[in-house]
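K.L.:
Dropping a prediction and its sequence here:
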Amino acid sequence: MTPERTNKVLQNATLAIDALGTHGPMTAPELAVALEMPRPSAYRLMSALVHAGLAEQSADGSVILSSRWLHLGDAALRGMAPWFHSDDVLEQLRDETGLTVFLSVGRGNEAVCVRSLHGQNFQVLVLKPGGTLQFYQGAAGRGLLAFGEVDPAEYLRAAPFPAVTPHTLCTAEELAADVVRTRELGYTVSDEDVTIGVAAIGVPVLDGRGGALAALSVAGVRDQVIGHEAGLADILKSAAARIAEASLPVD
């Protein structure tokens, strides 16, 4: 098989996996429509995914992603934060605040969620393990913009960014001021800038050199967060310090 043919096969397989992950069970005709490919090609593609163990065929003929992806996804998330061994800290944080807890790491210009624990109102929250926020969005994204490796001035050259809600900080001026405020306070406040009715507080998990390993945040309905920022930030900073301490190599 030529390199060009190999690349095309891999590209189609990736598109099919993404489609199954987004839409759930699909038949070959449905996949053909979604990917704008001939039906015979869709049948061959689905058969190959099933044969490789990456998909499973249901009794009705539709195909779903196999349980193998659970293992692969968990391994990928662990690989993004190999230093993290503090699930008990996240559980304590969730129990103490009653809010949903997120641990996110920076990748490119995104904050990638690698851990989440549901709080009392998890149904209103959209960020799940593997999910992402841009650096101008949310407590995790804006916290990593302020404390992470990306140069904020360089990042903000691409502003203004598209608004997610009427409260999203979009302009370079708004976000530059937010970076200054976040560094002064040591925490980030997200007030309905990603999801209406939802607010969050985030702090950096710092390594021994003062760089950000990750962003630790809690989120819930707005009334649970706004008006309680300082107290929640203190709890988060304590939890972040425990995570950072556990991540340091033992001499």
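P.N.:
On my side now, so go ahead.
K.L.:
okay, CA-based contacts and neighbour counts for the rest of this
P.N.:
OK.
K.L.:
A helix includes residue 7, no?
P.N.:
Yes. Using DSSP: H, G, I helix; E, B strand; the rest coil, the assignment for residue 7 is a helix.
K.L.:
element containing residue 40?
P.N.:
helix 39-51 (DSSP states H and E).
K.L.:
what does that helix contact?
P.N.:
12, 13, 16, 28, 29, 31, 32, 55, 56, 57, 63 (C-alpha atoms under 8 Å, 6 or more residues apart in numbering).
K.L.:
Swap in 10 Å and give it another go.
P.N.:
9, 12-13, 16-17, 26-36, 52-57, 62-66 (C-alpha atoms under 10 Å, 6 or more residues apart in numbering).
K.L.:
just stretch 89-97 next, same as before
P.N.:
With C-alpha under 10 Å, 6+ apart, stretch 89-97 has contacts from 87-88, 98-103, 115-120, 216-220, 224-225, 231-232, 235-236, 238-240, 242-243.
K.L.:
if we go to 7 Å?
P.N.:
For stretch 89-97, contacts defined as C-alpha atoms under 7 Å, 6 or more residues apart in numbering pick out 100, 101, 117, 119, 239.
K.L.:
just how off-centre is the helix or strand following the helix holding residue 40 within its chain?
P.N.:
Downstream of helix 39-51, the first helix or strand assigned by DSSP H and E is strand 55-57. Taking C-alpha atoms, centre = their mean, to the nearest Å, the mean C-alpha location of strand 55-57 is offset from the chain mean by 26 Å.
K.L.:
that older thread, for the contacts of stretch 89-97, which single residue is the most surrounded?
P.N.:
residue 101 (27 neighbours; other C-alpha atoms under 10 Å).
K.L.:
re the thing from before, would you convert the contacts of stretch 89-97 into JSON lines that also reports secondary structure, pLDDT and distance to residue 21?
P.N.:
What follows is those, written out as JSON lines (DSSP: H, G, I helix; E, B strand; the rest coil; pLDDT from 0 to 100; distance: C-alpha to C-alpha, whole Å):
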{"residue": "100", "secondary structure": "strand", "pLDDT": "92", "distance to residue 21": "24"}
{"residue": "101", "secondary structure": "strand", "pLDDT": "93", "distance to residue 21": "24"}
{"residue": "117", "secondary structure": "strand", "pLDDT": "86", "distance to residue 21": "22"}
{"residue": "119", "secondary structure": "coil", "pLDDT": "83", "distance to residue 21": "25"}
{"residue": "239", "secondary structure": "helix", "pLDDT": "95", "distance to residue 21": "33"}
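K.L.:
Identify, from those, the entry nearest to residue 199.
P.N.:
Nearest to residue 199 among those, counting by C-alpha to C-alpha, is residue 100 at 10.8 Å.
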